[in-house]
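>>> I'll drop the sequence and a predicted model, then ask my questions.
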Amino acid sequence: MFGLIGHLTSLEHAQAVAQDLGFPEYADQGLDFWCSAPPQTVDHITVTSVTGQKIEGYYIESCFLPEMLATRRIKAAIRKILNAMAHAQKQGIQITALGGFSSIIFEEFDLQQNKQVRNVELDFDRFTTGNTHTAYIICRQVEEGAAKLGIDLSKATVAVVGATGDIGSAVCRWLDKQTQSADLLLVARNQERLQNLQSELGRGKIVTMEEALPQADIVVWVASMPKGVEIDAASLKQPCLLIDGGYPKNLGTKIQAPGVYVMNGGIVEHSLDIDWKIMNIVNMDAPARQLFACFAEAMLLEFEKLHTSFSWGRNQITIEKMEQIGQASLKHGFRPLLSFVGG
């Protein structure tokens, strides 16, 4: 049995879909109410591999909202994630993915120390961030998206915004070793971590976002921001490939400019329909087939009977583990989403 811990993109989104989730009484409630709402199991899921293997799992709505971070309600945010993890473990789920901000909160506030949640002692081997599969899928989107646009990676400048995060640093390692991209621009808030990453890679230029965008043929957005950021499409190269790997999406508005191509990063398509309702609620274009790569990692670990914290801790993702989860992804019928937004 696998589990998926997720959350909605905003208070407005949560109020709009509360009835679909099965708790209509939440629909007209404000942020204070959502801060105290308990986690709930809202979907039973059946997934069939192209090998014929079938697995089952549950989607758990944590009731966390990004506004909790934006308004500095840190204790509420932490409580949401720990309570959802305890809820999953009490149901006997062997492997559960922490989707969206769930893993970011866990790592940023070092929740490894919080093993005891009321009467449940958390067994972290039952959980994965799903970041290894997400990083692998984003790298495949870079490679295949560049090929579609005629961008030669060996001559391209690639900017990674959020380069020091778990996913961002993994993407940088892959781009450095697997693609031989010409120039790597490293963008993040923490200068010390940026310098450590640059030292590890032995290359890469540390720049601001404003400096990076006009230079980049490809921009990978994996910054952990509770709200989207506005960028001026006129400052971008043409052609330019934008991979938006955030949840909620980092790009504040849909960029519609000639020569600028946006791809929803970290999304996979499955070869067969998945029996669930939750992807309708998060507005996937093809909800029976499309899902977040982090969620797919829990499914892959269940298919492979790898009940372990495959992705865990900050900056622990290796190219070898990305290749391992990538092989399992292909084996069971998952592939990167390669369509452009609005295309």
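Yep, that arrived.

>>> buried stuff in stretch 325-336?
By 16 or more other CB atoms under 10 Å, the buried positions in stretch 325-336 come out as 325-326, 328-329, 332-334, 336. Where you see a C-beta, it was placed from the backbone N, CA and C, and this is true even at glycine.

>>> tell me the one of the residues you listed nearest residue 281?
Nearest to residue 281 among the buried residues of stretch 325-336 is residue 334, at 20.7 Å by CB to CB.

>>> hang on, the earlier thing: out of the buried residues of stretch 325-336, name the ones that lie in helices.
Among the buried residues of stretch 325-336, the ones falling in helices (DSSP state H) are 325-326, 328-329.

>>> could I get the buried residues of stretch 325-336 as CSV with pLDDT and distance to residue 95?
Formatted as CSV, these follow (pLDDT from 0 to 100; distance: CB to CB, whole Å):
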residue, pLDDT, distance to residue 95
325, 98, 13
326, 98, 18
328, 98, 13
329, 98, 15
332, 98, 14
333, 98, 19
334, 98, 16
336, 98, 22
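
>>> including distance to residue 202, could those residues go into a markdown table?
Shown next, in a markdown table, are those (distance: CB to CB, whole Å):
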| residue | distance to residue 202 |
| --- | --- |
| 325 | 25 |
| 326 | 24 |
| 328 | 30 |
| 329 | 29 |
| 332 | 35 |
| 333 | 37 |
| 334 | 32 |
| 336 | 28 |
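
>>> circling back to that earlier point, and the ones in helices among the buried residues of stretch 325-336, which two are the farthest apart?
Counting by CB to CB, the most remote pair of these is 326 and 328, 7.3 Å apart.

>>> which stretches of the stretch 1-150 of the chain form helices?
With DSSP state H, counting those that start in this stretch as the criterion, the stretch 1-150 of the chain has helices at 11-21, 31-36, 67-70, 74-90, 101-108, 131-149.

>>> between those, which one is nearest to residue 314?
Evaluated over the helices of the stretch 1-150 of the chain, closeness to residue 314 peaks at helix 101-108, with 5.2 Å, by CB to CB.

>>> picking that back up, nearest to residue 268, out of the ones in helices among the buried residues of stretch 325-336: which one, please.
When these are compared for distance to residue 268 (CB to CB), residue 329 wins out at 7.1 Å.

>>> state the distance from the closest one to residue 113.
Residue 329 sits 32 Å away from residue 113, going by CB to CB, to the nearest Å.

>>> likewise residue 238?
Residue 238 is 48 Å from residue 113, by CB to CB.

>>> could you check how far the nearest residue to residue 245 once chain neighbours are set aside is from residue 25?
In this structure, residue 245 finds its nearest non-sequential neighbour in residue 265, 3.2 Å apart by CB to CB, 6 or more residues apart in numbering. As judged by CB to CB, residue 265 and residue 25 stand 35 Å apart.

>>> picking up where we left off before, quickly, which of the helices of the stretch 1-150 of the chain bottoms out on average pLDDT?
If you rank the helices of the stretch 1-150 of the chain by mean pLDDT, helix 101-108 sits at the bottom with a mean of 90.

>>> quick one: list the elements packing against that helix.
Helix 101-108 sits against helix 74-90, with contacts defined as 3 or more CB pairs under 8 Å, 6 or more residues apart in numbering; DSSP states H and E.

>>> run through the stretch 101-250 of the chain and note the low-pLDDT ranges.
Scanning the stretch 101-250 of the chain for pLDDT under 70 picks out the ranges 225-228, 248-250.

>>> strands along that one, start to end?
Listed in chain order, the strands of the stretch 101-250 of the chain (DSSP state E, counting those that start in this stretch) span 116-117, 120-121, 127-128, 157-161, 183-187, 205-206, 218-221, 240-244.

>>> elements contacting the third one?
It refers to strand 127-128. strand 95-98, helix 293-303.
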